[in-house]
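A.B. asks: Would you be able to build a 3D model of this:
(one chain, ligands or ions: 1)
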Amino acid sequence: MSSQTTFEIEDKYMAPFFVKQKISIDRGEGVFVWDEDGNRYIDFTSGWGVTCIGHAQPVITQALVSQGQKMLQNPNSGLTYSPARAGLLSVLMKVLPSHLTHIFFSNSGAEANDAAIKLARKVTNRLDVISTHQSFHGRTISTASATGQASHREKFNPLMPNYRFVTYGKLDELEHALDESVAAFIIEPIQGEGGVHIPSEKYLKEAERLCSENGTLLIADEVQTGFCRTGPMFVSGAMGINVDFLTMAKGIAGGFPFGGFAMSEKVASALEIGDHGGTYCGNPLGCAVAHAVIKYLVDNDVSANVRHMETICMETMGVWQKRFPETIKEIRGKGLLLLIEFSDPDIAAKASDECLARHLFVRQTQGNGIRVFPALNIKEEELREGLAIMQSAIEAVADA
Ligand SMILES: Cc1ncc(COP(=O)(O)O)c(C=O)c1O
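C.D. replies: Predicted coordinates for the structure are as follows:
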């Protein structure tokens, strides 16, 4: 097939939910991808924070093949045992905060959040959910209801009732909102889709205290921040915050659709048979891949690489900001979840287009931002190659 044929078929038959980039990706290796016409690109989006150890990663291919040759989906699904699932559970237990004692799997981040919200209602026997403005928790009806961005909500009203919002980072608002009707407070420890916002350490610690005092369960949505994206395996774990649920997806299986949620002993002990389930939850193929990804992250100390690459990015981007103070308002983020905030959305769009014209994928975020979130095992020379492209793209828009 040629790129042209692929464009025609997708444009004709795919539901029209995306503004498409006219590039048809055929294959990848590490941070590089090639289109159907053989052109090479650098991927600074890792498929939206997913391919955390690179495209066509051999340890993932090996896990897919060896598990694929044995068992994809158990007879009677989760009713039977699986060594692949047990293997993943053992390795996850070593990297999760130690107070989280039970895990269940999903196919996506939205599903994991959806389940955590549903189960929090059961455990507390309360209805209300508090979330934060600018948050993103998914696109199912209940996670869209928990998402604090008008663009994901307004066309679908009425959404689920009993969802309320507070300003991210504002403790007094949270304190005011919590009462005996609130089942859960769901929060990203660093907001990703909302524009890469980092709250103070005090905010998350106090949020934990306030929730605990009020009998509200704390759900940390680590779908984007988990698995070393910002350095540590999990942000809430590194901060020593005792959440009741920790939800995960994206990086967990490095590109294979998979997710899950971990719970404290207290929560798990209040749940019973039939409270949750799903056809694919914990399917052996996904488990084998996730196991291989987590093992790779740990064995290769990917967290240290993330910290090193963060320093290079921050230094380089800091120089751009000094050179173009009218164009770049702020550089922020943690680890390899970074954002350049431009003075207006038009400039961000142009800079993003200029990057793509130079064969670098970045992600325009919240209008005036460009998010940089490449594979976590990116090598220094690959990072510098991508940054040099970004620099020339910024020079083109700043000089225009
Ligand atoms: C913090 C967060 N939660 C949930 C989701 C939804 O995950 P998924 O797209 O796998 O359903 C996302 C996706 O971007 C996310 O960033």
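
A.B. asks: Apart from its chain neighbours, what residue comes closest to the residue positioned nearest the centre of the chain?
C.D. replies: The chain has residue 224 as the residue nearest its centroid, 1.8 Å off, counting by C-alpha atoms, centre = their mean. Nearest residue to residue 224 in three dimensions, chain neighbours excluded: residue 192, at 3.8 Å (C-beta to C-beta, 6 or more residues apart in numbering). Backbone N, C-alpha and C define where each C-beta goes, glycine included.

A.B. asks: What average pLDDT does stretch 17-26 get?
C.D. replies: Stretch 17-26 carries an average pLDDT of 95.

A.B. asks: picking up where we left off before, tell me who's in contact with the residue nearest to the centre of the chain.
C.D. replies: Counting by C-beta atoms under 8 Å, 6 or more residues apart in numbering, residue 224 touches 49, 109, 188, 190, 192-193, 250, 337.

A.B. asks: any idea which of those is the one closest to the ligand?
C.D. replies: Nearest to the ligand among the contacts of residue 224, counting by C-beta to the nearest ligand atom, is residue 109 at 2.4 Å.

A.B. asks: Run through the residues that contact that closest one.
C.D. replies: Under the criterion of C-beta under 8 Å, 6+ apart, the contact list for residue 109 reads 137-138, 221, 223-224, 247-250, 259.

A.B. asks: how about a cut-off of 6 Å?
C.D. replies: When contacts are counted by C-beta atoms under 6 Å, 6 or more residues apart in numbering, residue 109 touches 138, 223, 249, 259.

A.B. asks: Same check on residue 366?
C.D. replies: By C-beta under 6 Å, 6+ apart, the contact list for residue 366 reads residue 195.

A.B. asks: I'd like to know how many residues surround residue 73.
C.D. replies: 13 (other C-beta atoms under 10 Å).

A.B. asks: returning to what we had before: among the contacts of residue 224, name the ones that also lie close to the ligand.
C.D. replies: With C-beta under 6 Å from any ligand atom as the criterion, these include 109, 188, 192-193 near the ligand.

A.B. asks: just those now: which is nearest residue 215?
C.D. replies: Within the set of these, residue 188 lies nearest residue 215; the separation is 22.4 Å, counting by C-beta to C-beta.

A.B. asks: quick one, what contacts that closest one?
C.D. replies: If you count contacts by C-beta under 6 Å, 6+ apart, then residue 188 has 135, 221 around it.

A.B. asks: Kindly report the same for residue 182.
C.D. replies: Listed by C-beta under 6 Å, 6+ apart, the contact set of residue 182 reads 128, 130, 216.

A.B. asks: Looking at neighbours, which among the residues you listed is most surrounded?
C.D. replies: Neighbour max across these (other C-beta under 10 Å) = residue 216, 27 neighbours.

A.B. asks: Next one: that one from residue 352, what distance?
C.D. replies: In this structure, residue 216 and residue 352 are separated by 39 Å, where distance is defined by C-beta to C-beta, to the nearest Å.

A.B. asks: do the same with residue 37
C.D. replies: Residue 37 sits 21 Å away from residue 352, taking C-beta to C-beta as the criterion.

A.B. asks: Pull the residues that contact stretch 250-269.
C.D. replies: Residues outside stretch 250-269 that contact it (C-beta under 6 Å, 6+ apart) are 49-53, 60, 96, 99-103, 105-109, 112, 115-116, 123, 223-224, 227, 244-249, 286, 289-290, 293.

A.B. asks: and the residues you listed, which are buried?
C.D. replies: Buried residues within the contacts of stretch 250-269, counting neighbours by 16 or more other C-beta atoms under 10 Å: 49-53, 60, 96, 99-100, 103, 105-109, 112, 115-116, 123, 223-224, 227, 244-249, 286, 289-290, 293.

A.B. asks: Okay, and which of the residues you listed map to strands?
C.D. replies: Secondary structure defined by DSSP state E assigns 100, 103, 105-106, 245-248 of the buried ones among the contacts of stretch 250-269 to strands.

A.B. asks: which residues are in contact with stretch 127-134?
C.D. replies: Under the criterion C-beta under 6 Å, 6+ apart, residues 117, 146, 148, 162-168, 177, 181-182, 184-187, 191, 194 lie in contact with stretch 127-134.

A.B. asks: Please state the offset of it from the chain centre?
C.D. replies: Per C-alpha atoms, centre = their mean, to the nearest Å, the displacement of stretch 127-134 from the mean C-alpha position of its chain is 19 Å.

A.B. asks: same question, stretch 337-356
C.D. replies: Centroid separation for stretch 337-356 versus its chain: 20 Å, with C-alpha atoms, centre = their mean.

A.B. asks: Show residues contacting that stretch.
C.D. replies: Looking at stretch 337-356 with C-beta under 6 Å, 6+ apart, the contacting residues turn out to be 196, 229-230, 313, 327, 329-333, 362, 364, 367-373, 390, 393-394, 396-397.

A.B. asks: Could you identify the buried members of these?
C.D. replies: When neighbours are counted using 16+ other C-beta under 10 Å, those contain these buried positions: 196, 229-230, 313, 327, 331-333, 362, 364, 368-373, 390, 393-394, 396-397.

A.B. asks: Of the contacts of stretch 337-356, which belong to helices?
C.D. replies: Using DSSP state H, the members of those that fall within helices are 313, 390, 393-394, 396-397.
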